[in-house]
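# With the input below, show me the fold.
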Amino acid sequence: MGVYHVNAGVEVTQFEIVCSVEKISERYLIPVLEALLEQFPFIVLGLHADNGSEYINQHVAQLLNKFLVELTKSRSRHSNDNALVESKNGAIVRKHLGYSHIPQQWAPLINIFNRDHLNPYINFHQHCFFPPVIIDVKGKQRKTYPYAAMMTTYDKFRSLPEPERYLKPGLTLKRLDDIVSTHSDNESAKQLNEAKRKLFKTIFEQEHRVA
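Numbers count the residues shown, from 1 in each chain. Below is the predicted model:
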């Protein structure tokens with residue numbers, strides 16, 4: 001058995017939190033979901049998940065009720081219901097954490113990497129497209145990808161009308177701005193890559209020492 005990665009994204013801003021878990025079971029998943037919700041800087045009102053029993057059960061429902069979060073689930077045979085997260089699984093999770101098998105006991109260490117390096121980088125320093133939709137001469141909707149439509153997910157959040165009203169109590173835009181200004185985008189990328197190198201070096205050396 002290997003590590004599972006849980007990826008949650010916001011439709012409007014593409015703000016994203018990645019967590020890792022040893023097993024897809026209530027014992028392991030509930031604490032990870034709680035940590036995931038806590039890492040979002042704004043109030044989460046709803047969580048949309050696939051139809052897996054790991055999400056659709058009374059224990060997850062009780063956790064979400066605690067945070068006043070409404071749970072909805074994907075429709076059968078409607079793969080586009082989770083299109084954003086599925087695209088991020090490839091562009092973010094697999095890009096940084098790879099496709100190789102990682103033994104499940106390393107999930108806590110990977111979670112520290114996610115919390116301290118990966119999640120801050122992808123939300124405050126990595127740019128992504130927010131393509132505007134235009135209607136062509138035939139009346140069809142078509143997405144365009146101008147460079148002006150590229151920004152970080154935090155910049156997108158900040159561009160919303162009165163973004164402060166969405167923040168969790170006690171959190172301010174200035175505090176989030178300070179996170180952004182601590183490092184440049186390039187410096188943050190270098191720190192992420194160095195942390196990732198150390199993470200996989202530790203896993204590789206320990207696994208081969210045991211073997």
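# On the three-state scheme, residue 6 is what?
Each residue gets one of three states, and residue 6 gets strand by DSSP: H, G, I helix; E, B strand; the rest coil.
# Can you give me every residue that contacts it?
Neighbouring residues of residue 6 by CB atoms under 8 Å, 6 or more residues apart in numbering: 18-21, 29, 32-33, 36. Quick note: C-beta positions are derived from backbone N, CA and C, even for glycine.
# now swap in residue 85 and tell me
7-9.
# Show the buried residues in those residues.
Buried members of the contacts of residue 85, scored by 16 or more other CB atoms under 10 Å, are 7-9.
# out of those, who's nearest residue 112?
Within the buried ones among the contacts of residue 85, proximity to residue 112 (CB to CB) peaks at residue 7, which comes in at 17.0 Å.
# That closest one and residue 209: what is the separation?
31 Å (CB to CB, to the nearest Å).
# Please apply the same query to residue 165.
Using CB to CB, residue 165 is found at 52 Å from residue 209.
# before we move on, what about residue 123?
Look at residue 123 and residue 209: by CB to CB, they are 35 Å apart.
# Neighbour count: these two, which is higher?
Using other CB atoms under 10 Å as the criterion, residue 123 and residue 209 rank with residue 123 on top: 26 against 7.
# State the helix or strand in which the more buried one lies.
Taking DSSP states H and E as the criterion, residue 123 maps to helix 119-124.
# Show the secondary-structure elements that that helix is packed against.
Under the contact definition 3 or more CB pairs under 8 Å, 6 or more residues apart in numbering; DSSP states H and E, helix 119-124 sits against strand 16-21, helix 153-158, helix 173-182, helix 185-210.
# That one: what's the following helix or strand?
Scanning forward in sequence from helix 119-124 by DSSP H and E, the next helix or strand is strand 127-129.
# Run the chain-centre distance for that following strand.
Computed by CA atoms, centre = their mean, to the nearest Å, the chain-centroid distance of strand 127-129 equals 14 Å.
# what's the next helix or strand along the chain from it packed up against?
Downstream of strand 127-129, the first helix or strand assigned by DSSP H and E is strand 133-135. Strand 133-135 makes packing contacts with strand 141-143 when contacts are defined by 3+ CB pairs under 8 Å, 6+ apart.
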